[in-house]
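1. model the structure of this input:
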Amino acid sequence: MRLRITTAAVSGACALALLTGCDAADMTKQASPFANAQGSKSVTLSVQSWVGAQANVAVAQYILEHELGYRVDTVQVDEVPAWDALSQGRVDAILEDWGHPEQEKRYVDDKKTIARGGELGVTGHIGWFVPTYFAKQHPDVTNWKNLDKYAEQFRTPESGGKGQLMDGSPSYVTNDKALVKNLNLDYQVVFAGSEAAQITQMRQFAKEKKPFLTYWYAPQWLFEKVPMTEVQLPPYKEGCDAVPDKVACGYPHTPLEKYLNADFARKGGKAAAFLKKFKWTTEDQNAVSLMIADQKLTPEDAAKKWVKTHESTWRSWLS
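-> All right, here's what the predicted structure looks like:
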């Protein structure tokens, strides 16, 4: 993910990525035939590999196509390469960015090839979580200082003799290896491979009522199916994650942002104006995410269902 995470945070062949465990492909070298097309009613949206980002794009695409008459192309790109694609006009918009200060400075402030598109309306947060059923049995596990006490219970074949801290996709930026080292914890970071694979493992652990410790993030629909409780890491302070190898603090709470290609922001007409106004709640995003990832609706069907019942919300994006 999912980021000013100094982690981030996870669709078609890879529209199934979120359900099958397929990782996001770097398609920045495959320019969309619609991106930056002068005079045409077309828009290209970047889709990140986690279901919340897919929910944003699904709803935006549905409204662009059915209310504004645009043709929409979507391209799945990893987080950092998406900034390059956006700068070069290969995509027109990123609808959920968790904070990449280096890219912001390079492309927004210095090169001015990317424009800020405003807040998404959702606040993102990464942390370490245990299942609530385990936290109720062992309340002190929610303080990082007590994690070593439970390392043996969190051990898996993949973690060797240490406790397992489960991460998702290796493509997500994460401070977890540095945190384990700098907090001197008896744990091994083990990557599930993708958001979907991580969800599968967590649901299996929960089904068997087994303990687990995982890197996870909000907003995320899985909390409704597998209640989890956050482990309190050392508090985040501005700049505490500036040197990746020395990070010894938790993750920030980050208002998620939208970004547009600068030319598209100026010349994109009703599409650009709409995307700048696109702003919804965590509850809205989770509702669509749940339909896609858990109820197995296609992104288009999930978006259609949400749009039909939230007209007062999305009409304001068109005014």
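
2. from here on, just use CA atoms for contacts and neighbour counts.
-> Fine.

3. mind giving me the packing neighbours of the host helix or strand of Ala115?
-> Here Ala115 is covered by strand 114-131, with elements defined by DSSP states H and E. Counting contacts by 3 or more Cα pairs under 8 Å, 6 or more residues apart in numbering; DSSP states H and E, the secondary-structure elements packed against strand 114-131 are strand 213-218, strand 228-231, strand 253-261, helix 262-267, helix 269-277, helix 282-293.

4. how far off helix 282-293 does the lengthiest helix in the chain point, in degrees?
-> When the chain is scanned for its longest helix (criterion: DSSP state H), the result is helix 51-66. For helix 51-66 against helix 282-293, the angle by axes from the mean of the first three to the mean of the last three Cα atoms, to 10 degrees is 90 degrees.

5. remind me what the next helix or strand after helix 51-66 packs against, helices and strands.
-> Once the chain leaves helix 51-66, the next helix or strand it forms, by DSSP H and E, is strand 71-76. For strand 71-76, the elements it packs on are strand 42-47, helix 51-66, judged by 3+ Cα pairs under 8 Å, 6+ apart.

6. next one: strand 71-76 to chain centre, how far?
-> Centroid separation between strand 71-76 and its chain, computed with Cα atoms, centre = their mean, to the nearest Å, is 18 Å.

7. can you list the strands that it pairs with?
-> strand 42-47 (parallel) (DSSP bridges).

8. and the contacts of the partner strand?
-> 32, 34-36, 53-54, 57, 70-77, 82, 90-95, 271 (Cα atoms under 8 Å, 6 or more residues apart in numbering).

9. which residues does the longest helix of the chain contact?
-> 10-11, 18, 45-48, 70-72, 95-96, 219-220, 271, 275, 278, 285-286, 288-289, 292-293, 299-300, 302-304, 306-307.

10. ok, now with 7 Å
-> 10, 18, 47-48, 70-72, 95-96, 220, 271, 285-286, 288-289, 299-300, 303-304 (Cα atoms under 7 Å, 6 or more residues apart in numbering).

11. about what we covered before: direction included, what does the strand holding Ala115 pair up with?
-> Using DSSP bridges, strand 114-131 pairs in its sheet with strand 213-218 (antiparallel), strand 228-231 (antiparallel), strand 253-261 (antiparallel).

12. quick one: average confidence on that strand?
-> Across strand 114-131, the average pLDDT comes to 97.
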